[in-house]
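Chemist: Please work out how this folds:
(one chain, ligands or ions: 1)
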Amino acid sequence: MRILIIFHNVSKTYPNNEMGVENVSLEIKDGDFVFLVGQTGSGKSTLINLLTGELKPTTGDIIVNNLSLGSLNHKDFPYYRRLLGIINYDCLLIEHKTIYQNLEIPMLATGHSSKSIRESIPLALGLVGMSKKMYDYPSNLSGGETFKVLMARAVINNPKIIIADEPTAHLDYDSSLDIMSLFNEINQLGITIIIATHAKEFVDIMKKRVITMQNGKVLGDVSKGKYGWII
Ligand SMILES: Nc1ncnc2c1ncn2[C@@H]1O[C@H](COP(=O)(O)OP(=O)(O)OP(=O)(O)O)[C@@H](O)[C@H]1O
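Modeler: You can find the predicted model right below:
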(Lines give C-alpha, C1' and ligand atoms only; values in the text may rest on other atoms or scores of the structure.)
Protein backbone atom coordinates (compact mmCIF):
# COMPACT_ATOMS: atom_id res chain seq x y z
CA MET A 1 0.00 0.00 0.00
CA ARG A 2 1.27 3.46 -0.81
CA ILE A 3 1.56 6.19 1.79
CA LEU A 4 -1.49 8.45 1.58
CA ILE A 5 -1.04 10.79 4.55
CA ILE A 6 2.18 12.12 6.08
CA PHE A 7 2.45 14.28 9.19
CA HIS A 8 6.03 15.50 9.39
CA ASN A 9 7.02 17.10 12.73
CA VAL A 10 3.64 18.80 13.03
CA SER A 11 2.92 21.09 15.97
CA LYS A 12 -0.10 23.27 16.59
CA THR A 13 -0.18 25.94 19.25
CA TYR A 14 -3.49 27.77 19.69
CA PRO A 15 -3.57 31.57 19.96
CA ASN A 16 -3.95 31.31 23.76
CA ASN A 17 -0.62 29.39 23.79
CA GLU A 18 -2.39 26.09 24.49
CA MET A 19 -0.51 23.24 22.81
CA GLY A 20 -2.87 21.19 20.56
CA VAL A 21 -0.31 18.73 19.18
CA GLU A 22 3.45 18.70 19.50
CA ASN A 23 5.94 17.34 17.02
CA VAL A 24 3.69 14.66 15.57
CA SER A 25 5.14 12.52 12.80
CA LEU A 26 3.13 9.68 11.33
CA GLU A 27 2.25 8.00 8.08
CA ILE A 28 -1.07 6.47 7.07
CA LYS A 29 -1.26 4.12 4.12
CA ASP A 30 -3.91 4.18 1.44
CA GLY A 31 -6.68 1.83 2.59
CA ASP A 32 -5.65 1.87 6.26
CA PHE A 33 -8.20 1.85 9.11
CA VAL A 34 -7.03 3.94 12.04
CA PHE A 35 -8.46 4.67 15.46
CA LEU A 36 -7.14 7.80 17.16
CA VAL A 37 -7.53 7.38 20.89
CA GLY A 38 -6.41 9.20 24.02
CA GLN A 39 -7.80 11.08 26.98
CA THR A 40 -9.78 14.29 26.68
CA GLY A 41 -7.43 17.05 25.57
CA SER A 42 -4.79 14.67 24.23
CA GLY A 43 -4.92 16.19 20.73
CA LYS A 44 -7.21 13.91 18.66
CA SER A 45 -9.53 16.62 17.36
CA THR A 46 -6.61 18.96 16.72
CA LEU A 47 -4.99 16.26 14.59
CA ILE A 48 -8.24 15.71 12.67
CA ASN A 49 -8.79 19.43 12.16
CA LEU A 50 -5.24 19.76 10.85
CA LEU A 51 -5.93 16.95 8.40
CA THR A 52 -9.15 18.51 7.16
CA GLY A 53 -7.35 21.84 6.77
CA GLU A 54 -9.64 23.54 9.26
CA LEU A 55 -6.51 24.30 11.28
CA LYS A 56 -3.06 25.20 9.97
CA PRO A 57 0.01 23.77 11.68
CA THR A 58 2.22 26.19 13.59
CA THR A 59 5.21 24.21 12.34
CA GLY A 60 5.66 21.08 10.23
CA ASP A 61 4.16 19.72 7.03
CA ILE A 62 1.10 17.64 6.22
CA ILE A 63 1.07 15.84 2.89
CA VAL A 64 -2.05 14.07 1.62
CA ASN A 65 -2.18 12.19 -1.66
CA ASN A 66 1.09 13.95 -2.64
CA LEU A 67 -0.40 17.40 -1.92
CA SER A 68 1.38 19.54 0.64
CA LEU A 69 -1.46 21.22 2.54
CA GLY A 70 0.75 24.22 3.39
CA SER A 71 1.13 25.04 -0.27
CA LEU A 72 -2.58 24.87 -1.15
CA ASN A 73 -4.15 28.24 -1.83
CA HIS A 74 -7.83 29.16 -1.35
CA LYS A 75 -8.61 28.11 -4.91
CA ASP A 76 -7.09 24.62 -4.56
CA PHE A 77 -8.65 23.96 -1.21
CA PRO A 78 -12.12 22.78 -2.34
CA TYR A 79 -10.38 20.23 -4.57
CA TYR A 80 -8.43 18.93 -1.61
CA ARG A 81 -11.62 18.66 0.46
CA ARG A 82 -13.12 16.42 -2.20
CA LEU A 83 -10.63 13.75 -1.16
CA LEU A 84 -12.29 13.77 2.25
CA GLY A 85 -15.61 12.55 3.57
CA ILE A 86 -16.02 14.20 6.96
CA ILE A 87 -18.60 12.96 9.43
CA ASN A 88 -19.33 14.99 12.51
CA TYR A 89 -22.31 15.92 14.60
CA ASP A 90 -21.73 19.63 13.96
CA CYS A 91 -22.81 19.24 10.36
CA LEU A 92 -26.17 17.50 10.55
CA LEU A 93 -28.85 16.96 7.91
CA ILE A 94 -31.10 19.76 6.72
CA GLU A 95 -34.45 19.14 8.40
CA HIS A 96 -36.79 20.47 5.70
CA LYS A 97 -35.17 18.42 2.93
CA THR A 98 -35.64 14.70 2.27
CA ILE A 99 -32.73 12.28 2.65
CA TYR A 100 -32.44 12.21 -1.14
CA GLN A 101 -32.25 16.02 -1.27
CA ASN A 102 -29.70 16.06 1.55
CA LEU A 103 -27.45 13.75 -0.45
CA GLU A 104 -28.07 15.72 -3.63
CA ILE A 105 -26.57 18.90 -2.16
CA PRO A 106 -22.88 17.82 -2.04
CA MET A 107 -23.23 16.24 -5.49
CA LEU A 108 -24.67 19.42 -7.01
CA ALA A 109 -21.91 21.42 -5.31
CA THR A 110 -19.27 19.28 -7.02
CA GLY A 111 -20.87 19.55 -10.44
CA HIS A 112 -22.26 16.04 -10.93
CA SER A 113 -24.75 15.45 -13.73
CA SER A 114 -28.36 14.67 -12.85
CA LYS A 115 -27.84 11.15 -14.24
CA SER A 116 -24.88 10.58 -11.93
CA ILE A 117 -26.89 11.98 -8.99
CA ARG A 118 -29.87 9.71 -9.74
CA GLU A 119 -27.56 6.68 -9.85
CA SER A 120 -25.24 7.50 -6.94
CA ILE A 121 -27.75 8.36 -4.22
CA PRO A 122 -29.53 4.96 -4.19
CA LEU A 123 -26.12 3.25 -4.26
CA ALA A 124 -24.80 5.24 -1.28
CA LEU A 125 -28.00 4.68 0.70
CA GLY A 126 -27.94 0.99 -0.23
CA LEU A 127 -24.38 0.72 1.09
CA VAL A 128 -25.53 1.83 4.55
CA GLY A 129 -28.85 -0.05 4.43
CA MET A 130 -31.00 3.09 4.21
CA SER A 131 -32.59 2.77 0.76
CA LYS A 132 -36.09 2.61 2.18
CA LYS A 133 -35.73 6.02 3.84
CA MET A 134 -34.73 7.87 0.67
CA TYR A 135 -37.80 10.13 0.62
CA ASP A 136 -38.22 10.48 4.38
CA TYR A 137 -37.26 13.59 6.32
CA PRO A 138 -34.45 13.62 8.90
CA SER A 139 -36.91 14.05 11.77
CA ASN A 140 -38.30 10.57 11.00
CA LEU A 141 -34.94 8.87 11.57
CA SER A 142 -33.47 7.38 14.74
CA GLY A 143 -30.00 8.45 15.89
CA GLY A 144 -28.40 5.38 14.32
CA GLU A 145 -30.27 5.90 11.05
CA THR A 146 -29.26 9.57 10.98
CA PHE A 147 -25.66 8.55 11.39
CA LYS A 148 -25.97 6.06 8.52
CA VAL A 149 -27.24 8.87 6.29
CA LEU A 150 -24.28 11.01 7.40
CA MET A 151 -22.06 8.11 6.30
CA ALA A 152 -23.84 7.92 2.94
CA ARG A 153 -23.36 11.68 2.55
CA ALA A 154 -19.67 11.28 3.35
CA VAL A 155 -19.13 8.60 0.67
CA ILE A 156 -21.34 10.14 -2.01
CA ASN A 157 -18.53 12.05 -3.74
CA ASN A 158 -16.20 9.07 -3.74
CA PRO A 159 -13.65 10.30 -1.19
CA LYS A 160 -10.28 8.65 -0.59
CA ILE A 161 -10.49 9.23 3.17
CA ILE A 162 -13.38 9.14 5.64
CA ILE A 163 -12.79 11.07 8.85
CA ALA A 164 -15.10 10.77 11.85
CA ASP A 165 -14.76 12.44 15.24
CA GLU A 166 -16.53 10.48 18.00
CA PRO A 167 -19.00 8.71 15.68
CA THR A 168 -20.62 6.62 18.39
CA ALA A 169 -20.88 9.37 21.01
CA HIS A 170 -24.68 9.62 20.75
CA LEU A 171 -25.55 6.03 19.85
CA ASP A 172 -26.54 2.96 21.82
CA TYR A 173 -24.46 -0.21 21.79
CA ASP A 174 -26.23 -2.02 18.94
CA SER A 175 -26.32 1.01 16.66
CA SER A 176 -22.65 1.68 17.38
CA LEU A 177 -21.75 -1.89 16.48
CA ASP A 178 -23.75 -1.57 13.29
CA ILE A 179 -21.96 1.67 12.42
CA MET A 180 -18.55 0.12 13.07
CA SER A 181 -19.30 -2.77 10.75
CA LEU A 182 -20.37 -0.26 8.08
CA PHE A 183 -17.05 1.56 8.50
CA ASN A 184 -15.43 -1.82 7.91
CA GLU A 185 -17.42 -2.36 4.71
CA ILE A 186 -16.53 1.11 3.46
CA ASN A 187 -12.89 0.42 4.26
CA GLN A 188 -13.10 -2.78 2.21
CA LEU A 189 -14.01 -0.63 -0.79
CA GLY A 190 -10.49 0.81 -0.46
CA ILE A 191 -11.41 4.00 1.42
CA THR A 192 -9.04 4.99 4.23
CA ILE A 193 -10.84 5.40 7.56
CA ILE A 194 -9.72 7.62 10.44
CA ILE A 195 -11.86 7.64 13.57
CA ALA A 196 -11.20 9.61 16.76
CA THR A 197 -12.97 7.92 19.62
CA HIS A 198 -13.22 7.20 23.35
CA ALA A 199 -15.25 4.04 22.64
CA LYS A 200 -12.92 1.41 24.06
CA GLU A 201 -15.27 -1.53 23.49
CA PHE A 202 -15.52 -0.93 19.75
CA VAL A 203 -11.81 -0.25 19.28
CA ASP A 204 -11.17 -3.59 20.99
CA ILE A 205 -13.69 -5.45 18.80
CA MET A 206 -12.40 -4.01 15.52
CA LYS A 207 -8.68 -4.81 15.97
CA LYS A 208 -7.46 -2.06 13.66
CA ARG A 209 -4.48 0.27 13.85
CA VAL A 210 -4.63 2.24 17.11
CA ILE A 211 -2.75 5.53 17.46
CA THR A 212 -2.74 6.71 21.06
CA MET A 213 -2.29 10.40 21.81
CA GLN A 214 -1.13 11.85 25.11
CA ASN A 215 -0.52 15.54 25.83
CA GLY A 216 -0.46 16.32 22.12
CA LYS A 217 2.09 13.65 21.26
CA VAL A 218 1.85 10.18 19.75
CA LEU A 219 2.34 7.81 22.66
CA GLY A 220 1.69 4.57 20.80
CA ASP A 221 0.96 3.26 17.33
CA VAL A 222 -0.06 -0.38 17.12
CA SER A 223 -1.49 -2.34 14.20
CA LYS A 224 -4.39 -4.68 14.97
CA GLY A 225 -4.40 -3.12 18.40
CA LYS A 226 -6.73 -2.59 21.29
CA TYR A 227 -7.59 0.49 23.30
CA GLY A 228 -4.70 1.29 25.62
CA TRP A 229 -2.13 -0.75 23.71
CA ILE A 230 0.88 1.41 23.00
CA ILE A 231 3.39 -1.19 21.86
N1 LIG B 1 -9.81 26.17 19.97
C2 LIG B 1 -8.91 25.95 20.93
N3 LIG B 1 -8.31 26.98 21.57
C4 LIG B 1 -7.40 26.75 22.51
N5 LIG B 1 -7.00 25.54 22.91
C6 LIG B 1 -7.58 24.48 22.33
C7 LIG B 1 -8.56 24.62 21.30
N8 LIG B 1 -8.95 23.38 20.90
C9 LIG B 1 -8.24 22.51 21.62
N10 LIG B 1 -7.41 23.17 22.50
C11 LIG B 1 -6.47 22.56 23.43
O12 LIG B 1 -5.63 21.68 22.72
C13 LIG B 1 -5.41 20.48 23.46
C14 LIG B 1 -5.87 19.29 22.62
O15 LIG B 1 -7.30 19.37 22.47
P16 LIG B 1 -8.12 18.44 21.48
O17 LIG B 1 -9.49 19.01 21.39
O18 LIG B 1 -7.35 18.24 20.25
O19 LIG B 1 -8.14 17.09 22.30
P20 LIG B 1 -9.04 15.78 22.12
O21 LIG B 1 -8.13 14.63 22.36
O22 LIG B 1 -9.76 15.83 20.83
O23 LIG B 1 -10.07 15.91 23.30
P24 LIG B 1 -11.58 15.31 23.38
O25 LIG B 1 -11.44 13.84 23.52
O26 LIG B 1 -12.12 15.97 24.61
O27 LIG B 1 -12.29 15.74 22.14
C28 LIG B 1 -6.15 20.65 24.79
O29 LIG B 1 -5.24 21.11 25.75
C30 LIG B 1 -7.19 21.71 24.47
O31 LIG B 1 -7.49 22.46 25.62
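
Chemist: immediately after the longest helix along the chain, which helix or strand?
Modeler: Assignment by DSSP state H gives helix 173-188 as the longest helix of the chain. Later in the chain than helix 173-188, the nearest helix or strand by DSSP states H and E is strand 192-196.

Chemist: would you list every one of the strands in the chain?
Modeler: Ranges of strands within the chain are 3-13, 19-29, 33-37, 59-64, 67-68, 84-87, 161-165, 192-196, 209-214, 217-222, based on DSSP state E.

Chemist: Quick one, which of these gets closest to the ligand.
Modeler: For those, proximity to the ligand was assessed by Cβ to the nearest ligand atom; strand 19-29 is nearest, at 4.0 Å. The C-beta positions use only the backbone N, C-alpha and C, and glycine is treated the same way.

Chemist: any idea how far residue 167 is from the nearest residue to residue 223 once chain neighbours are set aside?
Modeler: Closest residue to residue 223 apart from its sequence neighbours, by Cβ to Cβ, 6 or more residues apart in numbering: residue 209 at 4.9 Å. Going from residue 209 to residue 167 by Cβ to Cβ, to the nearest Å gives 16 Å.

Chemist: Pick out the residue nearest the middle of the chain.
Modeler: residue 163 (0.8 Å; Cα atoms, centre = their mean).

Chemist: Let me see the contact set for it.
Modeler: Residue 163 is in contact with 48, 51, 52, 84, 85, 86, 87, 194, 195, counting by Cβ atoms under 8 Å, 6 or more residues apart in numbering.

Chemist: Same check on residue 159?
Modeler: Contacts for residue 159 were tallied using Cβ under 8 Å, 6+ apart; they are 82, 83, 84, 85, 191.

Chemist: For PyMOL, what selects the buried ones among the residues you listed?
Modeler: Buried residues within those, by 16 or more other Cβ atoms under 10 Å, are selected in PyMOL with:
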select buried, resi 83+84+85+191
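
Chemist: thought residue 145 was touching residue 131?
Modeler: No. Look at residue 145 against residue 131 with Cβ atoms under 8 Å: they stay out of range, at 11.8 Å.
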